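[1] quick one, fold the following:
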Amino acid sequence: MDHCPTSGLISLEQALDTMLGQVVPLDETESIALNDACGRITATPVISPIDVPPFANSAMDGYAVRISELNANAPLPIAGKAFAGAPFNDAWPANSCIRIMTGAPVPAGTEAVIMQEQAEVSEAGVRFNAVVHAGQNVRLAGEDIQQGAGVLPAGVRLGAAQLPLLASLGISELRVMRKLKVALFSTGDELQPVGQPLQDGQIYDTNRFAVRLMLEQMGCEVIDLGIIRDDRAALRAAFEQADRRADLVISSGGVSVGEADYTKQMLDELGEVGFWKLAIKPGKPFAFGKLQHAWFCGLPGNPVSAALTFYQLVQPLLAKLAGHSEWRLPPRLRARALTPLKKAPGRLDFQRGVFASNALGELEVSTTGHQGSHVFSSFSQGNCFIVLERDRGAVAAGEMVEIEPFNMLLRN
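    Next up is the predicted model:
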């Protein structure tokens, strides 16, 4: 049972509204080569410089014809051939047809292309056994995209669905938002870098490792300041360096109420704290604020809490700062719980689960097991959050719940 007092805690929605209501996208842009644009955000609308297709061409392997010359059962001799990259440019005699391949420019005067499956070839020529209408199997110039048409708006993240399209337009360079600079450090004497032997009472710095991976997936330029020990002077120096170099500063740990948790004290001295405690589980101790130059997010020290607050709060903040106007979390879905779920009313609970469709096409979800804020394996085992409402209690097997499928940051 979770007996944590909930008075004074703010909701996830309030936190997001506060954060996103304060930050504005960066206004710095740069021109880069198309080959370097994967993961970047368009800074201006992309306009097509050409028609696509650039010329009328055949949608089928077949025969280019003039409809008026199609007489019942009368064969048409083949006057020539047209291939993609090798068009038919000779004079086209009357009462004849042109053999044409898919993608080949249609000869001047073509009124239709009849597919080869509807043609019978003999020494006398080609007979057609089809009803033919004007424009049949002919792709017109600009039919897909017209010159001067908008192709992509500003604020689009460029990937495999967008970059080949721009390549097909001959666009070799485009204007994008500059990369966000994010300074990252962990706090705590108990932390040891991954790869170093653990001493008594130490644990590995999982949070900074995980957060850095997610920042890199989001296309950020990461300034990794390492582990800062529980020392006021060292922490102040880290904050000041991070504030000078970054657009956003992210720390992990030190946002609770322990004697050595100095992060909130540093914020009070160097900037402003926007809010402090959230009505979510895991992840109650989350800090948001403003330093002199950079924004600041303080993640909890527990690994699952840090990953969850990054996913639900920092991720949308980064998207807005980066100018990614089309960013959205996956929509929440309804699913039937296959396993009981422990919960006490008071906080919005994000449990890790595994969902799938049953034989009837209905969504079902089960828990990944123990939901402690230190059990990071629940992310590797799961594919969604089971989102349990703030006022809801324990869930019995068979009840309906909301699920939120993982996006690219956590998807296996």
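[2] report how many residues lie close to the residue nearest to E69 when sequence neighbours are not counted.
    Leaving aside its sequence neighbours, E69 sits nearest to N95 (Cβ to Cβ, 6 or more residues apart in numbering; 5.1 Å). In this view, the C-beta of every residue, glycine as well, is placed from N, C-alpha and C. Neighbours of N95 under the rule other Cβ atoms under 10 Å: 15.
[3] could you measure from S68 over to A94?
    S68 sits 10 Å away from A94, going by Cβ to Cβ, to the nearest Å.
[4] so which residues of the stretch 201-350 of the chain form helices?
    206-217, 232-245, 263-270, 303-309, 315-321 (DSSP state H, counting those that start in this stretch).
[5] okay, the ones you listed in JSON lines with mean neighbour count and mean pLDDT next?
    Formatted as JSON lines, those follow (neighbours: other Cβ atoms under 10 Å; pLDDT from 0 to 100):
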{"stretch": "helix 206-217", "mean neighbour count": "19", "mean pLDDT": "93"}
{"stretch": "helix 232-245", "mean neighbour count": "17", "mean pLDDT": "92"}
{"stretch": "helix 263-270", "mean neighbour count": "17", "mean pLDDT": "78"}
{"stretch": "helix 303-309", "mean neighbour count": "26", "mean pLDDT": "92"}
{"stretch": "helix 315-321", "mean neighbour count": "20", "mean pLDDT": "97"}
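[6] could you list every residue that touches I386?
    If a contact means Cβ atoms under 8 Å, 6 or more residues apart in numbering, then I386 has 337, 341, 349-353, 365, 367, 401-403 as its contacts.
[7] which strand residues bridge A119?
    Beta bridges link A119 to F128, judged by DSSP bridges.
[8] can I get stretch 151-159 as CSV, trimmed to CA atoms?
    Presented in CSV, the C-alpha positions along stretch 151-159 are these (Å, rounded to 0.1, in the frame of the first residue of the first chain):
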residue,chain,number,x,y,z
VAL,A,151,5.9,19.4,-49.2
LEU,A,152,6.6,19.6,-45.5
PRO,A,153,5.7,22.3,-43.0
ALA,A,154,8.1,23.7,-40.4
GLY,A,155,8.5,21.6,-37.2
VAL,A,156,8.7,18.2,-38.8
ARG,A,157,11.3,15.6,-37.6
LEU,A,158,13.0,14.3,-40.6
GLY,A,159,13.4,10.5,-41.0
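[9] show me what counts as buried in it.
    Along stretch 151-159, these residues count as buried under the neighbour rule (16 or more other Cβ atoms under 10 Å): 151-152, 154-158.
[10] from these, which ones fall inside strands?
    Assigned to strands by DSSP state E, the following of the buried residues of stretch 151-159 qualify: 151-152.
[11] nearest to D224, of the buried residues of stretch 151-159?
    Using Cβ to Cβ, R157 is the member of the buried residues of stretch 151-159 that lies nearest D224, at 23.3 Å.
[12] surely the closest one meets R328?
    No - at 11.3 Å, R157 does not count as touching R328 under the criterion of Cβ atoms under 8 Å.
[13] before we move on, back to that, in CSV: the buried residues of stretch 151-159, plus pLDDT.
    Listed next are those as CSV, based on pLDDT from 0 to 100:
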residue, pLDDT
V151, 96
L152, 96
A154, 96
G155, 96
V156, 96
R157, 96
L158, 96
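[14] quick check: the two most widely separated of the buried residues of stretch 151-159?
    V151 and R157 (14.7 Å).
[15] burial of D36, as a residue count?
    For D36, the neighbour count with other Cβ under 10 Å is 10.
[16] hang on, the earlier thing: separation between the residue nearest to E69 and P77?
    From N95 to P77 the distance is 8 Å (Cβ to Cβ).
[17] now swap in E272 and tell me
    E272 is 84 Å from P77, by Cβ to Cβ.
[18] helix/strand/coil for G170?
    Secondary structure for G170, judged by DSSP: H, G, I helix; E, B strand; the rest coil, is coil.
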